[in-house]
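Asks: Pasting the sequence and the predicted model now:
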Amino acid sequence: MLLPKTDMITDNILGFIKKENMLSPGDTVVCGLSGGADSVCLLLTMKQLSKHLGISVEALHVNHCLRGEESDRDEAFCRKLCADNDIPFRAFSCNVRAYAAEHSLSDEEAARKLRYGIFTDNSAGKLLATAHNADDNLETMILNLTRGSALKGICGIPPVRGNIIRPLLCVSRAEIEAFLAERGQDFVTDSTNLSDDYTRNKIRHRIVPLLKEINPSVIATSVRSAAALRDENALIEAQTDAAEADCLRDNALTGLAGYDKVIRKRCIARLLTRNSLPYSSDRLDTTDSIAVNSGKLNISGDVYFVSDGNSAGLQKIPDIPQNEDISAELRIGTNSIFPGKELHCEIVLCDNLKKNEVVNNSLTSLYLDYDKIIGRAFIRNRRFGDRIKLCGRDFTSSVKKLINEKIPAEERPFLHFIEDDEGTVYAEKIGIADRVRPDGNSRRLLKLTVRNYN
C-alpha cells in the first residue's frame, strides 16, 4: 500500500528498508540525531513508519562541544523535537579537541570515533540508524575512487553493516529538504559544513556540482550504480565465503591457489583484517603472488606472511638482535633455540659409505661423522666472523658471504650453527665442515634435521 502523495519520500524509504531487509517487527531503532536536515528527516520518517513496521524509535544526540553556543543550540533543538513527537531522547557530550590532541587525530576523525563509540555503547541489542543519504554515498564513492579503492570501496556506504542501518541512502539531499519544507519542519545547520576545510566538503561543494552540470540526474543514477555494484560485490563475497570455508584453518589458507585471483586476494585481505594487520592494493598483489608461488613477506613487526605454494598463512618470527649470543650444549634429540623451529639430532649407525653418500643428498637432512666431532658440541646462532671449510673445498669461506648469496635477509638471524672445540662443523642451509665429512671408516653418523613450525 502506497503512502499519500505528499509522503512519496517515505514510501521510497519503506521500499528500500524492505529490499535491504533492514528491520523486523519488534526491533528498536536508535536514530542518530544531530539536528541537521538529514537526521531530522530520518527521525520523522522512522516515527511515521513505526506502526507500519512494528518497531520502536528512540533518538541519540552527541554534543561534540566544538562550536560553543552553536553546539548547545543543536542539543536543545533535538531535545525539543523529540519531546514534541513523543520520542525517547538521550544526549551525550564529549571533548573532541582533547581526544584529537591525545591521539594525534584531526577534529573530524576524532569526532567520528567518539560519536560511533557512544553510538555503539548505547545501541546494544538494538539497531542504530544513521542519516547518510544518496548524496553522501556519491561523495563516498568519489572519495574512495580517488584514493584508489577496489570494488568494495566504490560500492559506497553499505545500507546494513552489523547493527547499523542507513534507510536514507535511496533519497537525495534535495528530496530530504523538500520533505521537511512540505511539513514546515525546521532544522539546524552546522556551520562547519559550509566550508571547504574537509576533503569531503570539497567534493560536496566543488566536484558534485560539476557532475550535475554533466548529468543533472547524477544522484539518481549513482543510487542505481551503487545498487548494481553491491549486487556484484555480494556475489564475490559469497564466493569468498565458500573459499574460506574450504581453505581456512586457524591462520593458514591451504589450497588457495586453486581459486581465481580476485577470490584469493579477498581471502588474504580477510586474514590480515582478522589479525588487525595493515594492507594495501600493492601488498595484496605481493601476498597473492607469494601464496601461489611460495615465499615470505614481512607484514608488520615480527609477523610474516609465509607460503610454501600450498599452505599460506601468518607466522611470528621475533627479531633477535645480532649482538645477542644464543648457545646451548648440543643434545641427541630435539634442540630448540629459536621460536618456531627446531634442530633434531639422531645417531645413525652406518657401515657403508655408498649409503652415506645417498642420504647426504637429502633436501631435509644432513649427515656428519659423529666420531670426528672434537670435544663438546654446542648449538648456537650466527656470530660475527664465522668461517667454515666446506666439504670438497681446500679453502675456508666467510659464512657472511655464503649467507648473503643464498639466504633471504629475514631468515639469517635464525640459522642453526654447531661448533666443537675446533670450530664450526655445521651451518644450516650452508653445509658441513670438510673435517667431519663421512668416509669409508665412518661408523656413527649424526643426522641433522631442521623442522619449521607456523
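Replies: Alright, I've got the coordinates. Residues are numbered from 1 along each chain as shown.
Asks: same for the one helix or strand A238 maps to, what does it pack against?
Replies: Element membership for A238 (DSSP states H and E) is helix 218-247. Packing contacts for helix 218-247, counted by 3 or more CB pairs under 8 Å, 6 or more residues apart in numbering; DSSP states H and E, involve helix 134-147, helix 151-154, helix 208-214, strand 252-254, helix 261-274. Placement of C-beta: from N, CA and C, glycine included.
Asks: swap the cut-off to 6 Å and go again
Replies: Helix 218-247 sits against helix 134-147, helix 261-274, with contacts defined as 3 or more CB pairs under 6 Å, 6 or more residues apart in numbering; DSSP states H and E.
Asks: quick one: that helix to helix 134-147, angle?
Replies: Between the axes of helix 218-247 and helix 134-147, defined by axes from the mean of the first three to the mean of the last three CA atoms, to 10 degrees, the angle is 60 degrees.
Asks: from the chain's centre, how far out does helix 218-247 sit?
Replies: 19 Å (CA atoms, centre = their mean, to the nearest Å).
Asks: and the next element down the chain from it?
Replies: strand 248-249.
Asks: contacting residues for the closest residue to T396 other than its chain neighbours?
Replies: Distances taken as CB to CB, 6 or more residues apart in numbering place K389 nearest to T396, at 4.5 Å, with adjacent residues excluded. Residues near K389 by CB atoms under 6 Å, 6 or more residues apart in numbering: 396, 433-434.
Asks: Swap in 7 Å and give it another go.
Replies: Applying CB atoms under 7 Å, 6 or more residues apart in numbering, we find K389 in contact with 395-396, 433-434.
Asks: Now do it against P438, distance only.
Replies: Counting by CB to CB, to the nearest Å, the gap from K389 to P438 is 16 Å.
Asks: C345 now?
Replies: With distances taken as CB to CB, C345 is found 15 Å from P438.
Asks: now A427
Replies: Distance of A427 to P438, given as CB to CB: 17 Å.
Asks: Who has more neighbours out of these two?
Replies: Shown here are A427 and P438; by other CB atoms under 10 Å, P438 has more neighbours (26 against 23).
Asks: that older thread, with respect to N251, which of the helices and strands packed on helix 218-247 lies nearest?
Replies: helix 261-274 (6.8 Å; CB to CB).
Asks: Most neighbours out of the contacts of K389, which is it?
Replies: Counting by other CB under 10 Å, top hit in the contacts of K389: A433 with 23 neighbours.
Asks: And the nearest residue to that residue once chain neighbours are set aside, how close does it get to L248?
Replies: Of all residues not flanking A433 in the chain, V425 sits nearest, at 4.6 Å (CB to CB, 6+ apart). Distance of V425 to L248, given as CB to CB: 43 Å.
Asks: Could you check which of those two is surrounded by more residues?
Replies: V425 (24 against 17).
Asks: That one belongs to a strand, doesn't it?
Replies: Yes - under DSSP: H, G, I helix; E, B strand; the rest coil, V425 sits within a strand.
Asks: List the residues that contact P278.
Replies: Counting by CB under 7 Å, 6+ apart, P278 makes contact with S300.
Asks: for it, helix, strand, or coil?
Replies: P278 carries the three-state label coil when classified by three-state DSSP.
Asks: ok, then the element right after the lowest-mean-pLDDT helix or strand in the chain?
Replies: The helix or strand of the chain with the poorest confidence is helix 353-359; it has a mean of 47 (mean pLDDT, DSSP states H and E). Per DSSP H and E, the first helix or strand lying C-terminal to helix 353-359 is strand 365-369.
Asks: which of the residues in that following strand are buried?
Replies: 366-369 (16 or more other CB atoms under 10 Å).
Asks: do stretch 207-225 as well
Replies: 208, 211, 218-219, 222-223, 225.
Asks: Can you give me the end-to-end span of it?
Replies: Using CA to CA, to the nearest Å, the end-to-end distance of stretch 207-225 comes to 18 Å.
Asks: Pass me the low-pLDDT residue ranges in the stretch 351-454 of the chain, would you?
Replies: Residue ranges of the stretch 351-454 of the chain with pLDDT under 70: 351-364, 454.
Asks: List just the nearest of the contacts of K389 to C155.
Replies: Closest to C155, out of all of these and judged by CB to CB, is A433, at 61.4 Å.
Asks: List the contacts of the closest one.
Replies: 388-390, 424-425.
Asks: Would you mind giving those as CSV with distance to L127 added?
Replies: Below are the contacts of A433 laid out as CSV (distance: CB to CB, whole Å):
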residue, distance to L127
I388, 68
K389, 73
L390, 69
T424, 67
V425, 69
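Asks: Could you list the low-confidence segments of the stretch 151-300 of the chain?
Replies: Scanning the stretch 151-300 of the chain for pLDDT under 70 picks out 190-198.
Asks: pretty sure K429 is in contact with E405, am I right?
Replies: No - at 10.9 Å, K429 does not count as touching E405 under the criterion of CB atoms under 7 Å.
Asks: which of these two has more neighbours?
Replies: K429 (14 against 8).
Asks: which residue sits closest to that one, ignoring its sequence neighbours?
Replies: Once flanking residues are discounted, K429 sits nearest to I407: 5.7 Å by CB to CB, 6+ apart.
Asks: Pull stretch 148-161 out as PDB, backbone CA atoms only.
Replies: Output of stretch 148-161 as PDB, limited to C-alpha atoms (Å, rounded to 0.1, in the frame of the first residue of the first chain):
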ATOM      1  CA  GLY A 148      42.500   4.000  -5.200                       C
ATOM      2  CA  SER A 149      39.800   1.800  -3.700                       C
ATOM      3  CA  ALA A 150      38.700  -1.600  -5.200                       C
ATOM      4  CA  LEU A 151      35.100  -2.700  -5.900                       C
ATOM      5  CA  LYS A 152      34.100  -2.800  -2.200                       C
ATOM      6  CA  GLY A 153      35.000   0.800  -1.700                       C
ATOM      7  CA  ILE A 154      33.500   2.000  -4.900                       C
ATOM      8  CA  CYS A 155      30.100   0.500  -3.800                       C
ATOM      9  CA  GLY A 156      30.000   3.300  -1.300                       C
ATOM     10  CA  ILE A 157      28.300   3.200   2.100                       C
ATOM     11  CA  PRO A 158      26.700  -0.200   3.000                       C
ATOM     12  CA  PRO A 159      23.000   0.000   3.700                       C
ATOM     13  CA  VAL A 160      23.400  -2.500   6.500                       C
ATOM     14  CA  ARG A 161      26.600  -3.300   8.500                       C
END
